[in-house]
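Novice: Mind looking at a prediction? Sequence and model below.
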Amino acid sequence: MSQQRVQYVKPVRDAEAEAWLQEEIADQQRRYASIVAEQAANTAQREIWYSQFLEIIQTRGFYVTGDVRRLVSKEELPPKPDRPDAMRVVW
């Protein structure tokens, strides 16, 4: 005996709600595209920031707690991923 469940039934959406939904989806896609473009244009600067950060945590360290600092050795640093999207921010 097959039982029809409420979650399997898609509610009917009126035309006004559907139009609003499509407008919102298009707006979000435009915003997403502009964010991706901005992040892609900023990749070279982010590479510089990334290398500066690694240098700082190796030379000056970071605060573990209160005024206790810890240096990070070169061996502890994770290797940079060897793939085209390694510096990608927005997924």
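Specialist: Structure received. Numbers count the residues shown, from 1 in each chain.

Novice: Go ahead and measure how far the strand or helix carrying residue 21 is from the middle of the chain.
Specialist: Applying DSSP states H and E as the criterion places residue 21 in helix 15-41. Centroid separation between helix 15-41 and its chain, computed with CA atoms, centre = their mean, to the nearest Å, is 17 Å.

Novice: tell me which residues in that helix are buried?
Specialist: The neighbour-count check on helix 15-41 (16 or more other CB atoms under 10 Å) flags nothing as buried. Heads up, the C-betas are built off the backbone N, CA and C, glycines and all.

Novice: name the helices or strands packed onto that helix?
Specialist: The contact analysis (3 or more CB pairs under 8 Å, 6 or more residues apart in numbering; DSSP states H and E) places helix 15-41 against no helix or strand.

Novice: What's the first helix or strand after it?
Specialist: Heading C-terminal from helix 15-41 (DSSP H and E), you reach helix 43-59.

Novice: State the separation between that following helix and the centre of the chain it belongs to.
Specialist: 18 Å.

Novice: To which secondary structure element is residue 63 assigned?
Specialist: strand 62-65.

Novice: Give me the residues contacting stretch 41-55.
Specialist: 77, 87, 89 (CB atoms under 8 Å, 6 or more residues apart in numbering).

Novice: I'd like the distance between the residue lying closest to the second one once chain neighbours are set aside and residue 82.
Specialist: Think residue 87. Once flanking residues are discounted, residue 87 sits nearest to residue 43: 5.4 Å by CB to CB, 6 or more residues apart in numbering. Distance, residue 43 to residue 82, using CB to CB, to the nearest Å: 16 Å.

Novice: if you count what's nearby, which of these two comes out ahead?
Specialist: residue 43 (11 against 6; other CB atoms under 10 Å).

Novice: distance of that one from residue 5?
Specialist: Applying CB to CB to residue 43 and residue 5 gives a distance of 47 Å.

Novice: got the contact list for residue 9?
Specialist: Counting by CB under 8 Å, 6+ apart, residue 9 has no contacts.
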